[in-house]
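**Student:** Got a predicted structure here, sequence first:
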Amino acid sequence: MRVIIIGGVAGGMSAATRLRRLDETAEIIVLERSGHVSFANCGLPYHVGGVIEQRSALLLQTPRSLAARFRIDVRLRTAAVRIDRERRVVVARAEDGTEYDLPFDKVILSPGARPLRPPIPGIERALSLRDIDDLDAIVSATASARTAVVIGGGFIGIEMAENLVHRGLRVALVEALPQVMAPLDPEMVAGVHQALRSNGVDLHLADQVTAINPDSVSTKSGATLPADLVIAALGVRPETTLASEAGLTVGPRGGIAVDDRHRTDDPDIYAIGDAAEKVAALDGGPTLVPLANTANLAGRRVADDIAGLPVHNRPVLGTAIVGVFGLQVAATGTNEKRLRELGRPYRAIHTHPASHAGYYPGAQTMALKLLVDPETDAILGAQGVGKEGVDKRIDVIATAMTGGLTASSLAELELAYAPQFGSAKDPINMLGHVADNLRSGITRSLQWHELDAAVAAGATVVDVRTPDEFEAGSIPGALLIPVDELRDRVDELPDGPLVVHCAVGIRGHTACRILTQLGRDAVNLDGGYKTWAAGTGA
C-alpha cells in the first residue's frame, strides 16, 4: 500500500510516524514544499526574540532521521501540483521543475494554511511567519531594523510584538478590532492591553493599515508609524487549492470538508490540520481551529483509520494559551461575544483568585471567567489571565468540558493542594461553588455591562468594601456601607432593588445573602469592582 502525505510538520508527520508504527509494509511518501519537514512552528517567534537561542533547537526531524528510524521517504522542496483522482496519481514537481506521477492507494492532505495578505499598497514589504524560511527572513531583517510594526493582534501578532521588543526594536501594533486577542471578552483583555503598553508596545486599536511605505506604515486614523520592519499577522486561510481542483468539497468555513473519519468526498483521500474543517464542540457545526495539538491528533486518527482501527472525529474546543510579557492568557470553548451572536442563553461567572494560598509567598492574582448554560449547567467556555496558574486552570476546565462535567460539579473535583501550588478551595472549586449557588438560586448576579440599565431602571448600587478601597476608586453614585456594618445600617438603604458589589465578588455574595434574608431584593455584581473597572475602562 502506498500512502502519499502532502505536507509535513504537525499533522503530516504525526500521520506518517503513527502509520509506520502500525504498518511496517506500507510505502509512505511525504511531499513537503518547504525546506523543512518537521519543526516546532509554535517556537518560531521565540527564536526571533532570542529566547530560543539556537535555530537548530526548532528542527525536530530531518529526512535522514525519518528514513533511518521510520523508513519514510521525505521529499523536500517538492510540491504536489494536482491530484488526479481518475488515474489515482499525485502529480509532484521537484525543486528543478521536473514533474512526475506518484500512483497512490491513499492520500493525506496536510497542506496547512497560507497567511492572509490583504491588498494594502506596499504589502509585498511585509513579512509573515509560517515556516523556517520565513523565520530566517525575519531574523535577517531584524539585524538592521530599529523600528517595527506588527499588523494584527492575534496570537502570532502578540508573540511577534513581544519578541521584537525582546530583540530591542521599538514596536507598534495595529489591530482593526477594538481589542487584541479576539477569543477573549473585553473585560478579560484589559490586562493584556496594559501589559503590552507598559512594556513599550504602541497599541493602535480599532485602526487599520492603509499603506506600507518604504520606511513607515500609514493607518486609517492618520497615524504614520516608523517601520524598518513590517510583520503581517492577520490570520491564515486554509490551503484548499489542491482539494478544490480535485473536485473535493470545501466547507462553509473555507476548509476542506471531512467526515468523522477525516475523509473527504473521496474515501481514499483524507484531510487534516489547518486546511481541514473541524467539528465545533458548542453546536456540532464546522469550524476552523489552526492549532498544533489538534493537527497532531487528527494525523494519528487518520493513520489508525488507514490501518483499520476504529476512529472518531472528536469536537474541538479551541483550547489555547499565549504568553504576553509574563502574563498567561488562555481560553477554551466559546466566548461571551459569540454566544450573544448566536442568541444562546448563558450565565457568566467572574472570579479573581490567587494562584496559590495567599499566605504562601509569591501568590499572584488571576482573572477567570466561566460561561455556563443556565438550563443544563453545561460549561460553554472559559478564559483566564494572570501571571501564573492560569494554564492549569484552563486545562482542568477543558478536561471537564471534554468529560461532560457540569459547572457545579467543578466544586467537587479533588485537586492537588499544597500552599505553594494552590488553595484548599482551588480556584476551580470556587468557580464550581459560584455556579452551584447561581444554579440553585441561593444568589443572583448582574454583569458589569448590565449595570447601567439596572441603575436606569431604579436600582441602587451598594459598595460593601472598606472606606479606603472606596476612596481609591468607586462606581459613580454608589452608596458605601462596608459589609461588616451592613446588618446595623440596613435601614439606610433606599427602597427598591439593590446591586451589591465588593472588590471581586466574595464580600458581595455575603452581603447579598444578608440582604436577601432581611427581605431585600439584592443581586451581586459579578466579579465585583475589578471586573466592572476592566470592562468599562474606569
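**Tutor:** Arrived safely, thanks for sending. Residues are numbered from 1 along each chain as shown.
**Student:** what ranges do the helices span in the stretch 301-450 of the chain?
**Tutor:** Under the criterion DSSP state H, counting those that start in this stretch, the stretch 301-450 of the chain carries helices at the ranges 336-342, 390-402, 427-440.
**Student:** buried ones in the shortest one?
**Tutor:** In other words, helix 336-342. Residues of helix 336-342 classed as buried by neighbour count (16 or more other Cβ atoms under 10 Å): 336, 338, 339. To be clear about C-beta, it is placed using only N, CA and C from the backbone, and glycine gets the same treatment.
**Student:** Same check on the last one?
**Tutor:** Applying a neighbour-count criterion of 16+ other Cβ under 10 Å, one finds 427-439 buried in helix 427-440.
**Student:** Setting aside sequence neighbours, what's the nearest residue to residue 526?
**Tutor:** Excluding its sequence neighbours, the residue lying closest to residue 526 (Cβ to Cβ, 6 or more residues apart in numbering) is residue 445, at 4.1 Å.
**Student:** okay but that neighbour is in contact with residue 525, surely?
**Tutor:** Yes - with contact defined as Cβ atoms under 8 Å, residue 445 reaches residue 525; the gap is 7.4 Å.
**Student:** Any stretches of the protein with poor pLDDT?
**Tutor:** Within the chain, no stretch has pLDDT under 70.
**Student:** Nearest the geometric middle of it, what residue?
**Tutor:** Closest residue to the average C-alpha location of the chain: residue 320 at 3.8 Å, with Cα atoms, centre = their mean.
**Student:** which ones are touching that residue?
**Tutor:** Going by Cβ atoms under 8 Å, 6 or more residues apart in numbering, residue 320 touches 155, 183, 291, 330, 331, 332.
**Student:** Going by neighbour count, which residues in stretch 241-258 are buried?
**Tutor:** In stretch 241-258, counting by 16+ other Cβ under 10 Å, buried: 242, 243, 246, 248, 250, 251, 255, 256, 257, 258.
**Student:** just stretch 321-341 next, same as before
**Tutor:** So for stretch 321-341, counting by 16+ other Cβ under 10 Å, buried means 322, 324-325, 327-336, 338-339.
**Student:** list the contacts for the closest residue to residue 381 other than its chain neighbours?
**Tutor:** The shortest distance from residue 381 to any non-neighbouring residue, by Cβ to Cβ, 6+ apart, is to residue 333 (3.0 Å). Contact partners of residue 333, counting by Cβ under 8 Å, 6+ apart, are 281-282, 317-319, 371, 379-382, 397-398, 401.
**Student:** mind putting those residues in JSON lines, distance to residue 451 and neighbour count included?
**Tutor:** Putting the contacts of residue 333 into JSON lines (distance: Cβ to Cβ, whole Å; neighbours: other Cβ atoms under 10 Å) gives the following:
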{"residue": "281", "distance to residue 451": "31", "neighbour count": "22"}
{"residue": "282", "distance to residue 451": "27", "neighbour count": "19"}
{"residue": "317", "distance to residue 451": "30", "neighbour count": "24"}
{"residue": "318", "distance to residue 451": "30", "neighbour count": "22"}
{"residue": "319", "distance to residue 451": "31", "neighbour count": "23"}
{"residue": "371", "distance to residue 451": "19", "neighbour count": "23"}
{"residue": "379", "distance to residue 451": "25", "neighbour count": "28"}
{"residue": "380", "distance to residue 451": "23", "neighbour count": "25"}
{"residue": "381", "distance to residue 451": "22", "neighbour count": "28"}
{"residue": "382", "distance to residue 451": "23", "neighbour count": "29"}
{"residue": "397", "distance to residue 451": "26", "neighbour count": "28"}
{"residue": "398", "distance to residue 451": "30", "neighbour count": "22"}
{"residue": "401", "distance to residue 451": "29", "neighbour count": "21"}
